[in-house]
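In: dropping a prediction and its sequence here:
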Amino acid sequence: MKKKLNQEISQHSLIVGPDDGTEPVFTFVQQARHKIRLKQFKLIEPNMIQALADAVARGVDVRVILNEKRSGGDRVNDETREQLEQAGVAVQWGPDRFAVVHEKSFVIDDRVAMIATFNVCPTCLAKTRDYGIISENAMEVKEMVDCFEADWHNRPFRPHPRSGLIWGPNYTRHPLATLIDSAQKSLDIQHPKLCDTTILGRILAAKKRGVRVRFLCGGKHGISDWDILDSFSSWRILQQAGIRVRRQKQLKLHSKLVLIDGAKSLVSSFNLDRSAFDLRRELGIVVSEKAVVARLQAIFDQDWELAKAYKVPDPLHHIRIDPEEPPDDPGFVHE
């Protein structure tokens, strides 16, 4: 009876990329019987495009909001939009009041949703450390539906103050800072960038009050020259304060994960930078369920042990070749 009760109150589950493979993501979409609402920064995976076309063919109402162009002007979703529209999928570019739509989310039949760190592309589904949280929490699902409808019709949206969701822009920095401030024993961060002085200050304050802090980054790989200046400087400041910084090994780091005391987690689309907090449509979710947090913590610990201390370069001389850095990949650039 106790086991059954625990199953009944469990409202979140976890997908870990690339460990779990692509099947859970496609299975999630293929379960749709009535509606699919999808919002994506980058959707170029042919099998997902086909899965959405197949959904339309079986009578599912499919609507997709895509990011029109990157902050640098590059356009990656034009062909996808054309293919989806030919299949009968309703597609719109994200509202132009956002610099970028960086959210990565799915809502199925208005009853279950996924909040992800990954883009829907071959690299992010197979070669990067990424996460997806599946939510069956009715308040969270409804809030995601409400936001989708607001963005679809280019209307204002105000997040619910008591949900576990964190939205960007404008509603991101404060809840993230509050979450970091709540750490009492440990603070583990797995993020590709650190370009915000408010969050930097909160991390340093956690260390000062005795919290064990670990920061797992991806090094230079995938970071623009502009962000390198801030990220490298911030990581060096962390190290000067006695905080350990390591660089992800074996996998490309694309995840956006914060773990608090091994008891609470934040999985999100947003990088730790000002544009994510202030200009872009973003989405994250705070989860405290033991099974989800325990696996996230185990994955972080595993990645941490495989990594090694990172000698962060001087940001003014980062162009020097580091033989341990992965080769540049034009298709893998953190927005």
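Out: Perfect, I can see it now. Residues are numbered from 1 along each chain as shown.
In: which helices and strands sit right next to the strand or helix carrying residue 145?
Out: Assigned by DSSP states H and E, residue 145 falls within helix 138-152. Judged by 3 or more Cβ pairs under 8 Å, 6 or more residues apart in numbering; DSSP states H and E, the packing partners of helix 138-152 are strand 35-40, strand 61-66, strand 105-108, strand 112-116, strand 165-168, strand 282-287. For glycine as for every other residue, the C-beta is placed from the backbone atoms N, C-alpha and C.
In: ok, 7 Å please
Out: Helices and strands in packing contact with helix 138-152 are listed as strand 35-40, strand 61-66, strand 105-108, strand 112-116, strand 165-168; criterion 3 or more Cβ pairs under 7 Å, 6 or more residues apart in numbering; DSSP states H and E.
In: so which of those strands is nearest residue 248?
Out: When those are ranked by distance to residue 248, counting by Cβ to Cβ, first place goes to strand 112-116 at 18.2 Å.
In: so which bits of the next helix or strand after the closest one are buried?
Out: Beyond strand 112-116 on the C-terminal side, the first helix or strand identified by DSSP H and E is helix 122-126. Along helix 122-126, the positions that meet the burial threshold by neighbour count (16 or more other Cβ atoms under 10 Å) are 123, 124, 125.
In: give me the distance between the first one and residue 132.
Out: This means residue 123. To residue 132, residue 123 is 15 Å away according to Cβ to Cβ, to the nearest Å.
In: residue contacts, the closest residue to residue 185 other than its chain neighbours?
Out: Distance criterion Cβ to Cβ, 6 or more residues apart in numbering; nearest residue to residue 185, sequence neighbours excluded, is residue 261 at 4.8 Å. Residues in contact with residue 261 (Cβ atoms under 7 Å, 6 or more residues apart in numbering) are 183, 184, 185, 186.
In: now that we have those residues, which one has the most neighbours?
Out: Tallying neighbours with other Cβ atoms under 10 Å puts residue 183 at the head of those, with 25 neighbours.
In: for it, which three-state class applies?
Out: Reduced to three states with DSSP: H, G, I helix; E, B strand; the rest coil, the structure at residue 183 is coil.
In: local confidence estimate at it?
Out: Looking at residue 183, its pLDDT stands at 98.
In: tell me where the stretch 201-335 of the chain has helices.
Out: Counting by DSSP state H, counting those that start in this stretch, the segments of the stretch 201-335 of the chain that form helices are 225-240, 274-278, 290-306.
In: and these, which is most packed in?
Out: For the helices of the stretch 201-335 of the chain, the largest average neighbour count (mean count of other Cβ atoms under 10 Å) is found in helix 274-278, namely a mean of 20.
In: can you spell out which helices and strands pack onto it?
Out: Counting contacts by 3+ Cβ pairs under 7 Å, 6+ apart, helix 274-278 is packed against no other helix or strand.
In: so how far is it off the chain centroid?
Out: Once both centres are worked out by Cα atoms, centre = their mean, to the nearest Å, helix 274-278 turns out to sit 14 Å from its chain's centre.
In: what score does residue 228 have for pLDDT?
Out: Reading off the confidence values, residue 228 has pLDDT 84.
In: can you check residue 159 too?
Out: Looking at residue 159, its pLDDT is 92.
In: residue 315 too?
Out: According to the model's per-residue confidence, residue 315 sits at a pLDDT of 84.
In: so what's residue 79 up against?
Out: Per Cβ under 7 Å, 6+ apart, neighbours of residue 79: none.
In: same question for residue 162.
Out: Residue 162 sits next to no residue when contact means Cβ under 7 Å, 6+ apart.
In: what about 8 Å?
Out: Taking Cβ atoms under 8 Å, 6 or more residues apart in numbering as the definition of contact, the neighbours of residue 162 are residue 139.
In: quick check: it vs residue 140, distance?
Out: Relative to residue 140, and taking Cβ to Cβ, residue 162 is found at 11 Å.
In: ok, which pair from the contacts of residue 261 is furthest apart?
Out: 184 and 186 (8.3 Å).
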